[in-house]
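Asker: Mind folding the following:
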Amino acid sequence: MQSATLNLTEQLVQKRLERVNRNKPVTKKQLIEAMRQTLARMEAARQLGEHRFSYAKAIRGLCALKHAPLVTEWAEEDAAYVRALNATSTPGQYLVPTIQGDAIVSQLAQLMTARAAGCRIWPCAKIQEFTVPAAIANAPQFVWMAMNSRQTPTDPNFGQLSFDLKLAQALILMPVQLFRDAVPQWDTILEDDFALGLAEAEDQAMHASSTLANAPTALMAQVGISVINAANGAASGGNLLYGDLLALLQKVVDLKVRSPLAWFMAGRTLTRVLSLQDAQSRPLLIPTYSAPAENIGPAAGYSLLGWPVFLSTSISTTEAVGSGTNQSHAILTNPKSIHIAESGDVSLEASTDFALESADVAIRIGHRVSFAYSPSAAICVLQGIN
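Answerer: Purely as a prediction, here's the structure:
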């Protein structure tokens, strides 16, 4: 079982590297370093022993409660383990303990582009809908007054952000045999894979060209964002120009968007920027140092006009502006203008009935989030990039 666990670990680590590196080839050095980190976390989990939450034991217990135990001799113990968890309003569904839910949610900060860039997080534990005050645009207007003169008040410059948490849920099948023989360290692998899948779901929803069904509001669907077209503002966009990047930067300055800023773009757009030079024939992209152990997040390892670049395969390259086709967009903004509200908990449910014929156990895991953007004008978009 030990060699099987190592083989599975290597496969999942390689898959994780490929996904977070946006499907770029994984080098042997990267794989060895990532494996070292994963095995170190697995060993730490083993040292914690029975005090650490066990996904394998919880999944066996969920099946035992449904009178379909995966391991008969452990059924009663596993069922008691699950009964100690908090149940959700959905029958048969339980909440992962906070400390282990945090182990998944905390990884989103390294894997999801907006979180990695430093967006604002609003905790919404046990709350479905949430409203907070927010500035609409500029600061209050000050005017120079003569002594003893009367001033006309202006409208308050505040609005509100409303969050309605949406459920991101995965349904996966895993061999029953794994849960009969699984060693405790395997729980670490499940944490990593759940976190990566959830980060990808958030990225897909936020960077979609339009809001996905039943998902939080996509950034490009937000009312009031600032948009300019590529190819010096051509009606149908066009090939990316150095002047387009300067125009977007000028838009940010005109709107008084505060630093720090961050770029979000598709990998194809990055290759377009790689071919550009400034007026002194200098490359625009400047490599930023990142140690091999750290270079597995969504950052591209470059800065553009002084600000870091974050890549996402969820930014489409098949958009259309005017008569243009197969186009994409790039975003320059202060990440604090992106707001993510999250429930903070992770739900878990299991069943053996779903795939009885294939000897698999169905696992459903979920997390609730919502997006908002304020001030929306601070989200500056260059669209129509060929």
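
Asker: switch to C-alpha atoms for all contacts and neighbour counts from now on
Answerer: Will do.

Asker: which residue ranges form the helices in the stretch 151-300 of the chain?
Answerer: 176-181, 186-206, 230-233, 242-254, 267-274 (DSSP state H, counting those that start in this stretch).

Asker: Need these in CSV (columns: mean pLDDT and distance to T352).
Answerer: Converted to CSV, the helices of the stretch 151-300 of the chain look like this (pLDDT from 0 to 100; distance: least, CA to CA, whole Å):
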stretch, mean pLDDT, distance to T352
helix 176-181, 74, 8
helix 186-206, 82, 18
helix 230-233, 95, 53
helix 242-254, 95, 53
helix 267-274, 93, 40
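
Asker: I'd like the ones you listed laid out as CSV, including mean neighbour count and distance to Q110.
Answerer: Shown next, in CSV, are the helices of the stretch 151-300 of the chain (neighbours: other CA atoms under 10 Å; distance: least, CA to CA, whole Å):
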stretch, mean neighbour count, distance to Q110
helix 176-181, 16, 28
helix 186-206, 21, 9
helix 230-233, 22, 30
helix 242-254, 17, 26
helix 267-274, 16, 18
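
Asker: Determine which of these approaches W307 most closely.
Answerer: With CA to CA as the criterion, W307 lies closest to helix 242-254 of the helices of the stretch 151-300 of the chain, at 10.7 Å.

Asker: Against which helices or strands is the closest one packed?
Answerer: helix 230-233, strand 328-333, strand 380-385 (3 or more CA pairs under 8 Å, 6 or more residues apart in numbering; DSSP states H and E).

Asker: Now do the contacts for I121.
Answerer: I121 is in contact with 339-342, counting by CA atoms under 8 Å, 6 or more residues apart in numbering.

Asker: redo that, cut-off 6 Å
Answerer: 339-341 (CA atoms under 6 Å, 6 or more residues apart in numbering).

Asker: Okay, and which of the residues you listed map to strands?
Answerer: 339-341 (DSSP state E).

Asker: returning to what we had before: of the helices of the stretch 151-300 of the chain, which is nearest A117?
Answerer: Using CA to CA, these put helix 186-206 closest to A117, at 12.4 Å.

Asker: okay, the angle between that closest one and strand 338-342?
Answerer: 130 degrees (axes from the mean of the first three to the mean of the last three CA atoms, to 10 degrees).

Asker: Give the buried residues for stretch 222-241.
Answerer: 222, 225-233, 236-238, 240-241 (16 or more other CA atoms under 10 Å).

Asker: Same question for stretch 302-321.
Answerer: 302-304, 307-317, 319-321.

Asker: Compute the first-to-last residue distance for that stretch.
Answerer: Using CA to CA, to the nearest Å, one end of stretch 302-321 lies 28 Å from the other.

Asker: got the contact list for that stretch?
Answerer: Counting by CA under 6 Å, 6+ apart, 204, 207, 236, 261-267, 285-288, 298-300, 326-328, 384 sit against stretch 302-321.

Asker: what about L348, which helix or strand?
Answerer: Assigned by DSSP states H and E, L348 belongs to strand 347-351.

Asker: Which neighbouring elements make contact with that strand?
Answerer: Applying 3 or more CA pairs under 6 Å, 6 or more residues apart in numbering; DSSP states H and E, we find strand 347-351 packed against helix 55-65, strand 94-95, strand 360-373.

Asker: Adding mean neighbour count as columns, could you present those in TSV?
Answerer: As requested, the helices and strands packed on strand 347-351 are arranged in TSV below (neighbours: other CA atoms under 10 Å):
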stretch	mean neighbour count
helix 55-65	24
strand 94-95	22
strand 360-373	22
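
Asker: For the stretch 201-350 of the chain, give me the ranges with low pLDDT.
Answerer: 289-300 (pLDDT under 70).

Asker: Identify the residues contacting the residue lying closest to D78 once chain neighbours are set aside.
Answerer: Of all residues not flanking D78 in the chain, G61 sits nearest, at 4.1 Å (CA to CA, 6 or more residues apart in numbering). Neighbouring residues of G61 by CA under 6 Å, 6+ apart: 78-79, 82.

Asker: distance of G61 from A350?
Answerer: For G61 relative to A350 (CA to CA), the value is 9 Å.

Asker: so when I look at R150, I'm seeing a helix, right?
Answerer: No. Counting by DSSP: H, G, I helix; E, B strand; the rest coil, R150 falls outside a helix, being coil.
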